[in-house]
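1. fold the following.
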Amino acid sequence: MAVFILMSFYLSIGAQNNLGIGIIIGEPTGISAKFYLGKDKAFDAGAGWSLVKKFIRVHGDFLFHNDNLMEEKLDLPLTLYYGVGVKSLLGKDFGLGLRIPLGLLYNFKEPHIDLFLELVPGLDLLPDTNFGFDAAFGGRYYFKMKR
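-> Numbers count the residues shown, from 1 in each chain. This next block holds a predicted model:
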C-alpha cells in the first residue's frame, strides 16, 4: 500500500524527476519503483508476492551508487549499488525486518531502461527474529531520466 502511495506522489512530479517503474522477479515478485535523489543516491521501493513464504511483501531502501568502481577497476559498464532498508510482511501474521541490498545495475541510455540483479541479506524482527537472504532481478522504465 505504501509503495502505491509513493508511486502516485512521484508520478505527479515524474515529468521533471528521475522516476523508474518496472518489475522485480525473485523474492518478492511484483512491481519495483526507483526515484533518483541525485547522481549517486536513490530511493527504491517494491511490492510483491513472496513465493517462499506465501504473503505480500513491501520494502523500501535508501541506496548509494558507485559508477566508477566497476568501470575503472573491471572495465564493465555496470553500477554497483548498496544501501539499507526496511521490509514489511503482510499475511496471516504481520512481519517487519531490515534489509541490506547489494546489487549490480545496467543503465541503457535509449530507451531509458535499467536492468538490475541484487542479493539482499536481511534480519526479520517480527514476529520472530531470523536472518536470511533475498535475491531478485528486474528492470524499470524511467520517465525523463536526468542521470
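2. residue 135: which element?
-> Secondary structure assignment for residue 135, by DSSP states H and E: strand 130-143.
3. how about the helices in this protein?
-> 2-13, 67-68, 74 (DSSP state H).
4. mind listing what's buried in the strand holding residue 135?
-> Neighbour-count burial for strand 130-143 flags 134, 136, 138, 139, 140, 142, 143 (criterion: 16 or more other CB atoms under 10 Å). Quick note: C-beta positions are derived from backbone N, CA and C, even for glycine.
5. of those residues, closest to residue 67?
-> Taking CB to CB as the measure, residue 67 lies nearest residue 142 of those, at 15.9 Å.
6. in the sheet, who's paired with the closest one?
-> Bridge pairing for residue 142 (DSSP bridges) gives the partners residue 20.
7. surely it touches residue 113?
-> Yes - the pair residue 142 / residue 113 is scored as a contact, 7.1 Å apart, by CB atoms under 8 Å.
8. which stretch in the helices of the chain has the least confidence?
-> Here the lowest mean pLDDT among those goes to helix 2-13, at a mean of 45.
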